[in-house]
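S.K.: pasted the sequence and its predicted model underneath.
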Amino acid sequence: MNDKSSSNEPLVLIPGEVELAALRRVHAGGVQLALAPSARAGLLSAQATVRRIVDAGEVVYGINTGFGKLAQTIIPHERLAELQRNLVLSHSAGTGDALPDGVVRLVLATKAVSLARGHSGIAPEIVDALLALHNAGLLPRIPSKGSVGASGDLAPLAHLACVLIGEGEVLTPEGEVIGGAAALARIDLKPFVLGPKEGLALLNGTQVSTALALAGLFGAEDVFAAGIMAGALSLEAIQGSIKPFDARIHAARGQPGQIAVAGAVRTLLEGSEIIPSHADCGRVQDPYSIRCVPQVMGACLDNLAHAARVLRTEANAASDNPLVFDNGDVISGGNFHAEPVAFAADIIALAVAEIGAISERRMALLLDSGLSGLPPFLVRDGGVNSGFMIAQVTAASLASENKSLAHPASVDSLPTSANQEDHVSMATFAGRRLAEMVQNTAVVVGIEAMAAAQGIELKRGPRSSTLLEAEFAAIREHVAFIDQDRYIATDIEAMRQWARRSRWPDALLDILPSHA
């Protein structure tokens, strides 16, 4: 995957080799995509296999049979095009708000990659059309609800496929909603008449679940980095100890995420004048929310890294059914079952919840004058002013809300299709709920960082490290010091945006899965 190309060069999709950094760029937008020329031979070979089967009159599931519980029904040759069109239309049963633009871009890209693995028997022109829609900023409107994450993301992918046959809805770069045929006309295409298996290949697959989980992963990485930064600022605000971050402690345990987080915090604090200024303060230990940042956030990082590996694999996977192989075999299996994605999304959810949970505890610590040594609720003239009192309540409410949202979706299953699909993954919901969780945690971490900056300024004396002073200045560009009570919701929203950014010091970016 060409993920280091200039902004004027397209990202070249090499099926099976697309990296997370490239997928993050697709999600962010502003890049053009192209399929590696080497992929076309596999597409054409699989397509020829499907044509041979049809011409020979062989009966193969998904090519000339019904689907699901109707797989025993043989479809005559003259009705195969009707079969594929009806499949797409009948499965366009989604509901709910449309998926976010970044998620739809990922769906288009990963669907093209999956089909271009050469196991689907689909025309290369269909893959080209998916990429052309992406490059023109014409995004199919895909409802966010209606998939159980097995047999593929059938309903949402049907809404994508509808556009290719001239149906459905498309969001234009200008924000206008137009029909599928009109969208195709903008890229000089006419609606496709789908050939044998092509409708099924478009509908089968885990691309929507995977795209949602990838978006959740990228957001989790952002708030993870923000959480490390906020924790370092809080340590300085309470004049906490650097000793728990000693590399020898973490090497003795050996957990890679823990070692990486401790190292990142040491880098952030390097050169701080605050740390030596309180060397003889007499404090023995800091509370766990400060002292155990490497252990807690390191475990979160390890989970994010595992989820990232799963999702990178799935983004490159052939998850269609049946699959076409080089020797002419067409084999029906179950790669459309999104259990790996559901597990990965659930793991991300746990990490996002914990990032917010430990951040909220540091926030509470900052407000407790008995533990922090700072004015109560981080404001002078307390009593008349309430300071950060209710901001902490907001943080607590969101951290608690995330506990409920973190309940694993993968443990649920409800049979569908007359019990033919008797175990499903619920991966689509598992991925979709991550967006809300990330936003909740961004607010929590943003409030903590704002409170930490307030604490540092209340005790202003020796300077912190170069990196943390730069971050302090960046926070002050978002929010001013609170010298008396004011309308604080605007400040909280500004700090949520601070926590959702993707650009952080290299010490943080270097340990994130999609940046490493």
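M.R.: On my side now, so go ahead. Numbers count the residues shown, from 1 in each chain.

S.K.: give me the low-pLDDT residue ranges for the protein?
M.R.: Low-confidence segments of the chain, defined by pLDDT under 70: 1-7, 68-69, 280-284, 417-420, 516.

S.K.: just the strands in it please.
M.R.: 11-13, 33-35, 95-98, 139-140, 143-145, 169-171, 177-179, 323-324, 330-331 (DSSP state E).

S.K.: packing partners of the first one?
M.R.: The one in question is strand 11-13. Here strand 11-13 touches helix 20-28, strand 33-35, helix 101-115, going by 3 or more CB pairs under 8 Å, 6 or more residues apart in numbering; DSSP states H and E. For every residue, glycine as well, the C-beta is placed using N, CA and C.

S.K.: repeat for the fourth one
M.R.: Other elements packing on strand 139-140 under the criterion 3+ CB pairs under 8 Å, 6+ apart are helix 101-115, helix 154-164, strand 169-171.

S.K.: what comes up buried for stretch 384-392?
M.R.: Judged by neighbour count (16 or more other CB atoms under 10 Å), stretch 384-392 contains these buried residues: 385, 387-388, 391-392.

S.K.: no no, stretch 313-329
M.R.: For stretch 313-329, the neighbour count (16+ other CB under 10 Å) marks 314-324 as buried.

S.K.: what is the end-to-end distance of it?
M.R.: Terminal residues of stretch 313-329 lie 24 Å apart, using CA to CA, to the nearest Å.

S.K.: now do it: distance to the chain's middle.
M.R.: Its chain's C-alpha centre and that of stretch 313-329 lie 24 Å apart, by CA atoms, centre = their mean, to the nearest Å.

S.K.: and for stretch 424-441?
M.R.: Chain-centre distance of stretch 424-441: 9 Å, with CA atoms, centre = their mean.

S.K.: doesn't residue 180 make contact with residue 167?
M.R.: Yes - with contact defined as CB atoms under 8 Å, residue 167 reaches residue 180; the gap is 4.9 Å.

S.K.: can you put the strands of the chain in TSV and add distance to residue 57?
M.R.: Converted to TSV, these look like this (distance: least, CB to CB, whole Å):
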stretch	distance to residue 57
strand 11-13	36
strand 33-35	33
strand 95-98	40
strand 139-140	35
strand 143-145	38
strand 169-171	38
strand 177-179	37
strand 323-324	18
strand 330-331	14
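
S.K.: mind checking which of these is nearest residue 41?
M.R.: Between residue 41 and those, the shortest gap by CB to CB is with strand 33-35, which sits at 11.9 Å.

S.K.: sheet partners, orientation included, of the closest one?
M.R.: Paired neighbours of strand 33-35 in the sheet (DSSP bridges): strand 11-13 (parallel).

S.K.: for residue 438, which of the strands of the chain is the nearest?
M.R.: That would be, of the strands of the chain and by CB to CB, strand 143-145, which comes in at 15.4 Å.

S.K.: and for the closest one, what's in contact with it?
M.R.: For strand 143-145, the external contacting residues (CB atoms under 8 Å, 6 or more residues apart in numbering) are 94-99, 155-156, 159, 428, 432.

S.K.: buried subset of those?
M.R.: 94, 98-99, 155-156, 159, 428, 432.

S.K.: got those as CSV, with distance to residue 172 columns?
M.R.: Shown next, in CSV, are the buried ones among the contacts of strand 143-145 (distance: CB to CB, whole Å):
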residue, distance to residue 172
94, 20
98, 13
99, 16
155, 23
156, 20
159, 16
428, 26
432, 24
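
S.K.: buried deepest among the helices and strands packed on strand 11-13, which one?
M.R.: Of those, the one with the most neighbours on average (mean count of other CB atoms under 10 Å) is helix 101-115, at a mean of 26.

S.K.: and that helix with helix 20-28, angle?
M.R.: Here the directions of helix 101-115 and helix 20-28 differ by 130 degrees (axes from the mean of the first three to the mean of the last three CA atoms, to 10 degrees).

S.K.: report the angle between the axes of helix 101-115 and helix 154-164?
M.R.: 90 degrees.

S.K.: ok now helix 101-115, how far from the chain's centre?
M.R.: Distance of helix 101-115 from its chain centroid, counting by CA atoms, centre = their mean, is 13 Å.

S.K.: what does stretch 197-208 give?
M.R.: Centre-to-centre, stretch 197-208 and its host chain are 21 Å apart (CA atoms, centre = their mean).

S.K.: rewinding a little: of the contacts of strand 143-145, closest to residue 114?
M.R.: Of all these, residue 114 sits closest to residue 156, with 14.5 Å by CB to CB.

S.K.: I'd say the closest one and residue 148 touch.
M.R.: No - applying CB under 8 Å, one finds residue 156 not in contact with residue 148, separated by 11.1 Å.

S.K.: about what we covered before: so between residue 167 and residue 180, which is more surrounded?
M.R.: Neighbours were counted for residue 167 and for residue 180 using other CB atoms under 10 Å; residue 180 has more, 24 against 18.

S.K.: without its sequence neighbours, what residue ends up closest to the more buried one?
M.R.: Spatial nearest neighbour of residue 180, chain neighbours left out: residue 163 (3.9 Å); criterion: CB to CB, 6 or more residues apart in numbering.

S.K.: got a list of what the residue nearest to residue 296 when sequence neighbours are not counted touches?
M.R.: Nearest residue to residue 296 in three dimensions, chain neighbours excluded: residue 358, at 5.1 Å (CB to CB, 6+ apart). With contacts defined as CB under 8 Å, 6+ apart, residue 358 is in contact with 227, 231, 289, 292-293, 296-297.

S.K.: got it, and residue 20?
M.R.: Listed by CB under 8 Å, 6+ apart, the contact set of residue 20 reads 214, 217, 308, 311-312, 513-514.

S.K.: ditto for residue 137
M.R.: So residue 137 contacts 172-173 (CB under 8 Å, 6+ apart).

S.K.: with the one 3 residues further on instead?
M.R.: For residue 140, the contact set (CB under 8 Å, 6+ apart) comprises 104, 108, 133, 159-160, 162-163, 168-171, 180, 183.

S.K.: which of those sit farthest apart?
M.R.: Greatest spatial distance in the contacts of residue 140: 108 and 169, 14.9 Å, computed using CB to CB.

S.K.: my guess is residue 158 contacts residue 205, does it?
M.R.: No - the pair residue 158 / residue 205 is not scored as a contact, 11.3 Å apart, by CB under 8 Å.

S.K.: between the two, which one's more packed in?
M.R.: For residue 158 and residue 205, the more surrounded residue by other CB under 10 Å is residue 205, and the numbers stand at 30 against 27.

S.K.: circling back to that earlier point, and the helices and strands packed on strand 11-13: which comes nearest residue 270?
M.R.: helix 20-28 (26.7 Å).

S.K.: distance between that closest one and the chain's centre?
M.R.: Once both centres are worked out by CA atoms, centre = their mean, helix 20-28 turns out to sit 10 Å from its chain's centre.

S.K.: as JSON lines, the helices and strands packed on strand 139-140 with distance to residue 484 would be great.
M.R.: Output for the helices and strands packed on strand 139-140, formatted as JSON lines (distance: least, CB to CB, whole Å):
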{"stretch": "helix 101-115", "distance to residue 484": "40"}
{"stretch": "helix 154-164", "distance to residue 484": "50"}
{"stretch": "strand 169-171", "distance to residue 484": "45"}
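
S.K.: closest to residue 191 out of the ones you listed?
M.R.: helix 154-164 (7.1 Å).

S.K.: what does that closest one contact?
M.R.: Here helix 154-164 makes contact (CB under 8 Å, 6+ apart) with 87-94, 99, 107-108, 111, 126, 129-130, 133, 140-144, 146-147, 168-170, 180, 183-184, 191-192, 194, 199, 202-205, 207-208, 428.
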